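Participant: Structure for this input, please:
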Amino acid sequence: MVRASYYCSGRRTASGERFNPNGFTAAHRTLPFGTRLAVTNPANGRTVVVRINDRGPFVRGVSLDLARGAAFAIGMRGTGTVRIARVGGATLGDWQGETFAQAPQATWPQERQGSNDATRFWGSPFGHAVD
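Facilitator: Take a look at the predicted model:
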């Protein structure tokens, strides 16, 4: 279990793409961009798959920053404890101590250009337009 928070401000991510506060993305200090994680809220059992596209969080004790859309989809408000697992079988503990260059790469194909995560997974509960 790790501590996670959510954020909803910013224009560009560390990976260079435009930040979508309603998307299913996350920030982590060291995981490679494109890594996909299954994030589960243990309080209600909801799970969402997020893609790492930013760096952070830069707050002591918090290991993962979710975009607002992903956090709301699992019912998280503020900072909370979540379970995470790398999509494809490996767990975070399998490569947490490795350097950025040694960490395994994402196993899922890149998303379609112009796709909107919230629309694809939840039928756009946030009432926003596709990027």
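Participant: Now do the same for the closest residue in space to Ala4 that isn't next to it in sequence: its pLDDT.
Facilitator: Ranked by Cβ to Cβ, 6 or more residues apart in numbering and with sequence neighbours excluded, the top spatial neighbour of Ala4 is Leu64, at 4.2 Å. Just so you know, the C-beta spots here come from the backbone N, C-alpha and C atoms, and that holds for glycine as well. We note a pLDDT of 94 for Leu64 in this prediction.
Participant: Check Val130 too.
Facilitator: We note a pLDDT of 36 for Val130 in this prediction.
Participant: what about the residue nearest to Ala4, distance to Gly10?
Facilitator: Separation of Leu64 from Gly10 (Cβ to Cβ, to the nearest Å): 16 Å.
Participant: Please identify which of these two sits among more neighbours.
Facilitator: Remark: of Leu64 and Gly10, Leu64 carries more neighbours, 24 against 15, as counted by other Cβ atoms under 10 Å.
Participant: Could you check which helix or strand contains Val48?
Facilitator: Assessed by DSSP states H and E, Val48 sits inside strand 47-54.
Participant: Now that strand: buried residues?
Facilitator: Neighbour counts over strand 47-54 (16 or more other Cβ atoms under 10 Å) mark 48, 50-54 as buried.
Participant: ok, residues contacting that strand?
Facilitator: 10, 13-15, 17, 19, 24-28, 31-41, 65-67, 70, 73-74, 87, 106, 111, 121 (Cβ atoms under 8 Å, 6 or more residues apart in numbering).
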